[in-house]
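In: using only what follows, build the 3D model:
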Amino acid sequence: MADAAAVGEKPPVAAAVRPFPIKLLIIVSVVALAFGVGGAFVAVKLLGGASKGSESSEEHKAVAEAKAESKGEADGKHGQAASPGAIFDLDPFIVNLADTPEVRYLKLTLKLDADSEAVAAELSARIPQIRDAILVLLSSKDVNAVRTTQGKFQLRDEITQRVNGLLKKPGVRSAYFTEFVVQ
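Out: Predicted coordinates:
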């Protein structure tokens with residue numbers, strides 16, 4: 001009887017659970033990730049890019065107008081590309097930097113970009129004043145101020161301003177470092 005009862009009763013069967021397909025899970029995850037990255041990219045381009053773009057375009061327009069005005073005053077011609085100016089060479093500068101605990105030296109060779117040959121002639125007439133102004137400026141700097149890229153850009157701007165301050169009419173566009181050694 002036990003055998004008959006056992007045959008008549010069926011053993012309990014576990015509920016058949018279909019496993020979730022791994023391929024489907026991977027595909028859904030990749031699609032969701034793609035939409036997330038794409039949405040973030042679009043949001044940055046539309047929201048972040050618009051404010052930066054408008055600020056930079058306003059700055060660019062202001063710089064372009066200033067250059068056009070200075071070019072118009074110098075040449076009287078509009079719409080032409082800026083012509084290269086005269087490059088004025090200066091002898092190398094070797095100065096002690098303003099570091100107090102240890103002695104540091106700076107060797108600097110630079111060239112000045114003048115607007116015209118007339119400005120270059122005025123620069124050559126004022127070499128002692130120009131060298132003095134640059135030497136005083138360089139010796140006031142410490143090694144931390146001139147080692148960084150931003151420090152070099154600031155030094156370049158300060159040299160240009162000091163040299164233009166010595167001229168009757170500012171005519172130096174920029175200073176270019178051809179040698180820059182800190183020891």
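In: surely residue 124 and residue 89 touch.
Out: No. Residue 124 is beyond contact range of residue 89, at 9.9 Å (criterion: C-beta atoms under 8 Å). In this view, the C-beta of every residue, glycine as well, is placed from N, C-alpha and C.
In: return the backbone torsion pair for residue 142.
Out: phi -110, psi 170 (degrees, to the nearest 10).
In: residues near it, how many?
Out: Residue 142: 13 surrounding residues under other C-beta atoms under 10 Å.
In: do residue 120 as well
Out: Neighbours of residue 120 using other C-beta under 10 Å come to 20.
In: need phi/psi at it.
Out: When read as degrees, to the nearest 10, the backbone of residue 120 gives phi -60, psi -40.
In: how much space separates it from residue 177?
Out: Counting by C-beta to C-beta, to the nearest Å, the separation of residue 120 from residue 177 is 19 Å.
In: residue 170 too?
Out: Separation of residue 170 from residue 177 (C-beta to C-beta) stands at 20 Å.
In: cool, residue 95 as well?
Out: Separation of residue 95 from residue 177 (C-beta to C-beta) stands at 14 Å.
In: of those two, who's got more company?
Out: Neighbours were tallied for residue 95 and for residue 177 using other C-beta under 10 Å; the higher tally belongs to residue 95 (18 against 13).
In: list the residues that contact that one.
Out: Applying C-beta atoms under 8 Å, 6 or more residues apart in numbering to residue 95 gives the contacts 105-106, 108, 135, 138-139.
In: what pLDDT is listed against it?
Out: Note on residue 95: pLDDT of 94.
In: where do the strands sit along this structure?
Out: In the chain, the segments counted as strands under DSSP state E are 86-89, 93-96, 105-114, 172-182.
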